[in-house]
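[1] I'd like to go over a predicted model; first the sequence, then the structure.
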Amino acid sequence: EFGYELAGIIPWAYSLSTTHNLTTHGRPGTKYLYYFSQKHSIQSTKNKGEPQRKSHRLPKESPFGESPHFGIDQFPKQGWVPPPYKEFFNRKDEEDIQRLLAEKPLLFMSNKYTMEWRHGPINHIPLRTLREILSFLTPHYH
């Protein structure tokens, strides 16, 4: 769900947060993605606790324009600094995690399976393909 956000919007927001008081908004699950934001709010929910599917406009000065939907060619060449998630999430007191990561690197996959535009899932990795990918990668990564 958060692939574009992790790749483009969050690094831009993090870069801004180093010089500005930042207010951010996100869907449920984004609290720790925006840990650096002084004021991060979570979108409200609608029926049965399911989050509203509402895209917020980006500020006019955004390198992506105002639309939260952008192409790779719009990624900024400057002012793009990924947050230091490794330092934020690193728990030196957790010896098991440290030992686990010493054995194999951690691999993160972004694959959302959700209703889109009142239709079934559109941009996801199918289950059969996902099983093939994971069977290949699991021996080498956590």
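    Perfect, I can see it now. In this text, all values refer to a predicted model and were calculated from it rather than measured experimentally.
[2] Now do the strands in the chain.
    Remark: strands assigned in the chain by DSSP state E are 23-26, 39-42.
[3] Can you lay out the ones you listed as JSON lines showing distance to residue 32?
    For the C-beta atoms, the positions are set from N, CA and C on the backbone; glycine is no exception. What follows is these, written out as JSON lines (distance: least, C-beta to C-beta, whole Å):
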{"stretch": "strand 23-26", "distance to residue 32": "10"}
{"stretch": "strand 39-42", "distance to residue 32": "9"}
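[4] where does this protein dip in pLDDT?
    1, 45-56, 68, 79, 91-93 (pLDDT under 70).
[5] longest helix of it?
    If you go by DSSP state H, the chain has its longest helix at helix 127-137.
[6] any idea how far residue 36 is from residue 75?
    20 Å (C-beta to C-beta, to the nearest Å).
[7] Tell me which of those two has more neighbours.
    Legend: neighbour count by other C-beta atoms under 10 Å for residue 75 and residue 36, higher for residue 36 (18 against 14).
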